[in-house]
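> Build me a model:
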Amino acid sequence: MSLSGSKQSSTPPILDLSTAVKETASEFHRLFPDQPRKTLDQLTREHSRDHAPWRNQTMQPGSALEEALRKAVYQRDPISAWWPMYDELSTPWANHHSGESTLTRTDFVRLITALKVSQHPARVHRLERLFEDFHLIIDTQKSNVRVYTTFLETIQFWKMKELVPLWIQRIRSKIVLPIINSSTSIPSVLPRNSLVRESPQEQFHDLMRVLANVDLMEPMLDCLQELKATKSDLLMPSTKAYDTILEVYMRRKNTARAMELVQEMKDHGLPPQLTTFNILLSAHLENKDARAAQRVLESLLLTDLKPDIYTFNVLMAGYLNMGEFELVNGFYKGLGEYGLVPNSKTYRILLKSHLKQGHVKQVVDVFCQLKESPRPELHPGSEDYRILIQALASNGKMPEALKVLQEMIDGKKVPVTTWIYNVFLTQYARQGQVDKARRILDRIITEKLPLVDGSINPLIRAYLARKDLDQVAEMTDLLTRYGIQPSSTTFNIMINSTKASGNLEGAMKLYERMGAEGVAPDVWTYNILLDILIGKLVPRKGTVARKGGPNAQDSQVEEYIPMIETLLQDMKTRGIKPDATTYGKLIHQYVILQNMEQAEMLFHEMVKSGISPNSYVFNTLMNGFTTIEEMDKAVELFRRMPKYGVEPDATSFTTLVKGYANMQELKLAQNFANTLQLRSSKIKLDQFCFHTLMQLAQKSHQPGMTLDFFEMMRGRGIEADHYTFTILLNALSQDLAGANSSSRPKRRGNRKIESGLAPESTAEAVESILSMIQQDSQPLNHSQITTVLSAYFHLGRPQAAIEFFKTRYWKGEPKLNTTNCGALFHGLLAPEHNRRYDGIVLNLYSKMLSGTRDLIRAEEEHKRRLEELKVSNDDSTTATSATGGSENKLKQKGDWSGPRGPWADSSASSASSRTLSRPSSPSLSSSSSRPPTFAPRYDLPPVDLILVSIMFQSFSQRQNWGIVLQLWQDVESIGADKLYPFRMPLEFLGWAAEAFHRTSDLSKNTRRRISLTMGADQEQQHHQQAAWGSEAEREEKAKELLKRLWNAHDRMGVQWSYRIYGFNMFESLTPSSSALSSAPSSGSGWDSQPSPSAPSTVLSHFLSGENGQSYGRPSSDIKPSSSSTSENASDVKDEEEESKSQGWHRL
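Residues are numbered from 1 along each chain as shown. Below you'll find the predicted structure:
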């Protein structure tokens, strides 16, 4: 796209995605060629003197030594490279010899900044020397506010607060003449080496401006008191002095003290000037206090003062920041009423307004007007080009944005700044193209442009998303190296990275570090922390409340509510006003606690404070009302949304539909969806909405309605994906399983569940979906693999399930997990298969068990090495602390990131719920502390307790006690605490006890065959044979296990005692023997306790599935088995041959 020549009437068409990517790649590689990192610095030093990028308009060419110094400082050479040149150059000044130096104030600012980032032990002494040399060489009577501000900022950056008063006095001695009495006159000619301004009043103004720039309020107030106490016509309180202090008060959001200061001005006979009103307007609008800004503007219009172009620019910029685009355009059009002409700042605000609204055409039109303007001062500058490039890049026109950049580089009229490169860097980092973003950062460094936190923060965010902490540490090292103070945005990005894993401890550590680094948190910081804390109030999944035990959510409330209150108090103390997001989070807190009265009160408080609620607030409130089944209030909120200028979105729609579905009014939900679609064209049902509807129908056991929603989805042209088919499979498979398991209709509570589908049609639908999934080449995730396996078993096609499992195993995309294997085991061990596939299950189990043992050994070895490394590190730390000096402490103070950053343990995601070992927090940051990469022997997932529970359940029902006993010995040898979920179900003790009791009639040869089938080698066979022991030893072992069970759960122990022995062996030990002396019956009132014949708690959790999935057969299919007979394992050899015939020997 060319922006030269005539005015463009319209923007170029947006390229489609494929073309845009192709053209962007070609343009990108031409602008940012790939170069070895080693040559980057060498190439930047080959610039000729004619194109010296370090010399700006205020710098006059000087001697070769000055040019070398200027170049070295610009290129950020270390202090050891440029200080010797400066030392040689400044020698004539120290000896009071006249020199011909042409160094300027800008040069000294860069010299101070270069010294600021150094860690040289004598840096304070060298800073003092720069201060004295500056006053020897600079002899023009101009304001030195910028230079003095840089001196004080350097002292503050070094965190040397004790030196600040000394430096203020040093600057004061240079900037302010002695106090002048009324009889004293100012000399008409000042000495050549005097830097003071001619007017003492201006000198005080300069000093107060320096103090204001570094936010030192107390010294500023001292200066004001000195002005009040001075009896001189040349030195007195002025509006400018008050305005300077007023600006700092408003920056600190201390509005009350600011208003007192304005009243004090009036008391001293100093009426507020236009600058005063401009300061108040700017501060109120920056704080997004539109009402206060309106009052100030009304007060201004009541005076004789007339707003100038700066006033209008302040108003336009402030309302632009609040998103009030109509007011921005209104003030722009009102310039003519006051006879004002827009300047470049006005047009720039207008460009930003169009940019925020996504009006690319308007941005291009205004830009072309500026380019063709007869007024040279309006011609686009670097910032205008940045806005244009931002508009193009953020609206899918990256090729055009790159062409604009190429035009800037070729034209050489407008310099390409860091902020222009940052537009491309941010866009590529946001899209996940981190390599391209890193190339742009390298170019910024190569061209020696100023490096700002906006160049690094996007990459920090991208690397944190990838969990690449090494690259994050490299980015934070750049911040330290170039003296960039981490901003609140930097910390917010890192705190936000802890939200996904819910790492509250890591987030609070980063929050505390903000205070230690002197970085003030903003409203975004508190919103992130509130989000994490309020998320902790959500009832924990899988938590089972025991009778008489503490309520899980009560303990969460006691722990986290005080933290939320402390955070809000801290927010109030800092003067940070809550925004719509803050109120939304707090409303969400009361919704979680189901305190809708407080949630409504907070909503009204939000509206009363002038903050407009957004869709998130409305949706959260609606969700709360639907949770407590007050649908009338939820619908009323839905209807009131347009009144507040908020349009209902897809989430609003799905919230209401979900509420109707939770009330078992799925037909009403469907009618609501249809009616809403007919009346409102603004709410477009997307794929997520239909998935929600389908899931609600599935959970309500309405497969027919699930299919209806699916057809509605297809009718609207929305493509189905694997997730869609997964929901369909779950719904139809549940219906098919119900039809196969019993002819009686199922009931949920008192409600009869009617599917509305014939078993034949359901089977055909499932077959069709499975066929579509098999033909699709896209990879499936673990949940979808489990669903497909369960569907095949529901159809009565175990061979197809085996073939599907084998195909996914060999593809390895993704690698099968333990849940997938559990679904296969559960289906193959079903009673209807008559033990036909037991060999496959045992073969797979033995290989998984072997890999699990290897993995545990590798982890134990790794932990041993970590302990040795920790001991050696402690020894070396002790030795270092005994011999280390101040240099080591200085390094620790300056390095805020650490070897892997302070968030190394806070941004890491939580461990997967089906991992082998417990997740542990990293204690060491060295590379040797990382877990070694370990490949399982058969590339199969590790065994967990849920998988073992499936096998315990199945083989105990068939009386295969030899295999049950072998499973128990496997669990004992490995350790249940090393297998997920790291807590052994109590049923294991009962099954093992019964297995020891029932194995008395198994021959030695049979036991050997069982060990062989379970994959044991000769050494393990010998150990296992010895473990079986004699009949008396086995009986003693059975009673010992029952005692363990009884100690852990007395009623369960009694139940298993009746099951195994037919009587209560703990009757004499039971506290209430009368209640437990008789055998339990169906009407005994023990329904809430686990039953030996029912699936275990862990197994029930597995069968119910994660994320609404169904694994294998439903638990209702499991038939209770008789405990009076036993059966040996004589068919093990045949089963082994059966497993080999299925092809599993290849594993």
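> Remind me which helix or strand residue 508 belongs to.
helix 504-517 (DSSP states H and E).
> Quick check: buried residues in that helix?
By 16 or more other C-beta atoms under 10 Å, the buried positions in helix 504-517 come out as 504, 506, 507, 508, 509, 510, 511, 513, 514. Every C-beta, even on glycine, is put in place using the N, C-alpha and C of the backbone.
> Nearest to residue 317 among these?
Relative to residue 317, the closest of the buried residues of helix 504-517 is residue 514; by C-beta to C-beta it sits at 27.4 Å.
> Could you pick out the longest helix of this structure?
helix 838-883 (DSSP state H).
> Remind me what that helix packs against, helices and strands.
Where contact means 3 or more C-beta pairs under 8 Å, 6 or more residues apart in numbering; DSSP states H and E, helix 838-883 is packed against helix 818-828, helix 945-957, helix 961-974, helix 1004-1013, helix 1132-1141.
> from the middle of its chain, how far away would that helix be?
Put simply, helix 838-883 sits 30 Å off its chain's centre (C-alpha atoms, centre = their mean, to the nearest Å).
> hmm, back to that, which strands or helices does the helix holding residue 508 pack on?
Helix 504-517 packs on helix 488-497, helix 523-535, going by 3+ C-beta pairs under 8 Å, 6+ apart.
> any idea of the angle the shortest one forms with helix 523-535?
Going back to what we said before, that points to helix 488-497. 10 degrees (axes from the mean of the first three to the mean of the last three C-alpha atoms, to 10 degrees).
> Go through the helices and strands packed on helix 838-883 and find the least confident stretch.
Mean pLDDT values for those show the minimum at helix 1132-1141, a mean of 39.
> Run through who's touching the helix or strand harbouring residue 622.
Remark: residue 622 resides in helix 615-627, with elements defined by DSSP H and E. With C-beta atoms under 8 Å, 6 or more residues apart in numbering as the test, helix 615-627 has contacts from 580-581, 583-584, 587-588, 590-591, 594, 596, 599-600, 603, 606, 631, 633-634, 637-638, 641, 644, 646-649, 651-652, 655-656, 658-659, 662.
> what do you get if the cut-off is 6 Å, keeping everything else the same?
Applying C-beta atoms under 6 Å, 6 or more residues apart in numbering, the contact partners of helix 615-627 are 584, 587-588, 591, 596, 599, 633-634, 637, 641, 646, 649, 651-652, 655, 659.
> will you turn the buried residues of helix 504-517 into CSV that also has pLDDT?
Below are the buried residues of helix 504-517 laid out as CSV (pLDDT from 0 to 100):
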residue, pLDDT
504, 89
506, 90
507, 91
508, 92
509, 92
510, 92
511, 92
513, 90
514, 89
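> Please read off the pLDDT at the closest residue to residue 579 other than its chain neighbours from the model.
Nearest residue to residue 579 in three dimensions, chain neighbours excluded: residue 523, at 5.4 Å (C-beta to C-beta, 6 or more residues apart in numbering). pLDDT recorded at residue 523 is 91.
> Next, residue 233: secondary structure please.
coil (DSSP: H, G, I helix; E, B strand; the rest coil).
> From residue 583, how far off is the residue nearest to residue 579?
Counting by C-beta to C-beta, to the nearest Å, the gap from residue 523 to residue 583 is 11 Å.
> and if you look at residue 849?
Taking C-beta to C-beta, one finds residue 849 at 54 Å from residue 583.
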